[in-house]
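*Asks:* got a predicted model here, sequence first, then my questions.
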Amino acid sequence: MPIQKYFIALVVPEPFQAELMELKNEVKDLFNSKGALRSPAHITLHMPFEWKEEKEAVLLNTLQQFTFNGSFNIELQNFSCFEPRVLFVDVVKNESLEKLQNELVIYVKKNLRLFNQADDMRGFHPHVTIAFRDLKKEQFYNALPYFKTKTYNASFEMKSFYLLKHIDKEWQVYKEFVFTNN
């Protein structure tokens, strides 16, 4: 029985997706970190988990039944980090986003028996990663002042969340789940 990896996220729409991929490429070119290029620019709602591929229909149907009323705006603003390896574009505090993440985590825990360990360790800190894991500490400390002098701002409407699937060593958008319009 093949086990597959998935995670749940908000995927940044175009043209911001392309802009953020350019930032990830800049990190690769200047600081030799390419790990963040293996996924589209996103805000993680539920960390990666394993699921039996033959039960994928259960996963998809259960997520399809999750309801969240209305769309909301996301604002991205400048850069921050989790020392000593992760660089990211920061997400401006947003009550709708926090409500969505909280309700979704509770829903999948109850209905799919999925647990979000990252939530237990450090709480929900929404961000869009541009460098992680493979960024060496020395390069992190070179990259941090570089990005602290740069600015980045974007604002866009989120109307859905996404299930991403690990395919061919990359995270790919697999299924979109549109919010309820009320």
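*Replies:* Looks like it arrived, so ask away. On a predicted model such as this, the values are computed, not experimentally measured, just so you know. Numbering: from 1, shown residues only.

*Asks:* show me where the chain has helices.
*Replies:* 16-31, 56-64, 95-112, 117-122, 137-148 (DSSP state H).

*Asks:* same for the first one, what does it pack against?
*Replies:* In this case it means helix 16-31. In this structure, helix 16-31 packs against strand 86-91, strand 127-131, helix 137-148, strand 153-158, with contacts taken as 3 or more C-beta pairs under 8 Å, 6 or more residues apart in numbering; DSSP states H and E. Yep, even glycine has a C-beta here, placed from its N, CA and C like the rest.

*Asks:* equivalent analysis for the last one, please.
*Replies:* In terms of contacts (3+ C-beta pairs under 8 Å, 6+ apart), helix 137-148 is packed against helix 16-31, strand 72-82, strand 86-91, strand 127-131.

*Asks:* buried residues in that helix?
*Replies:* Within helix 137-148, the residues that count as buried by 16 or more other C-beta atoms under 10 Å are Q139, F140, A143, L144, F147.

*Asks:* now the angle from that helix to strand 127-131?
*Replies:* 130 degrees (axes from the mean of the first three to the mean of the last three C-alpha atoms, to 10 degrees).

*Asks:* now swap in the first one and tell me
*Replies:* Orientation note: helix 16-31 sits at an angle of 30 degrees relative to strand 127-131 (the same axes, to 10 degrees).

*Asks:* need the contact partners of helix 16-31.
*Replies:* Residues outside helix 16-31 that contact it (C-beta atoms under 8 Å, 6 or more residues apart in numbering): 11-12, 33-34, 36-37, 40-41, 76, 87, 89, 128, 130-131, 135, 139-140, 142-143, 146, 152, 154, 156.

*Asks:* which of those residues are buried?
*Replies:* 11-12, 33, 36, 40-41, 76, 87, 89, 128, 130-131, 135, 139-140, 143, 152, 154, 156.

*Asks:* picking that back up, let's have the helices and strands packed on helix 16-31 in JSON lines, adding distance to L23 and mean pLDDT.
*Replies:* Listed next are these as JSON lines, based on distance: least, C-beta to C-beta, whole Å; pLDDT from 0 to 100:
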{"stretch": "strand 86-91", "distance to L23": "7", "mean pLDDT": "97"}
{"stretch": "strand 127-131", "distance to L23": "5", "mean pLDDT": "97"}
{"stretch": "helix 137-148", "distance to L23": "9", "mean pLDDT": "95"}
{"stretch": "strand 153-158", "distance to L23": "11", "mean pLDDT": "98"}
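
*Asks:* looking at those, which is closest to L59?
*Replies:* strand 153-158 (21.2 Å; C-beta to C-beta).

*Asks:* quick one: strands adjacent to the closest one?
*Replies:* strand 72-82 (antiparallel) (DSSP bridges).
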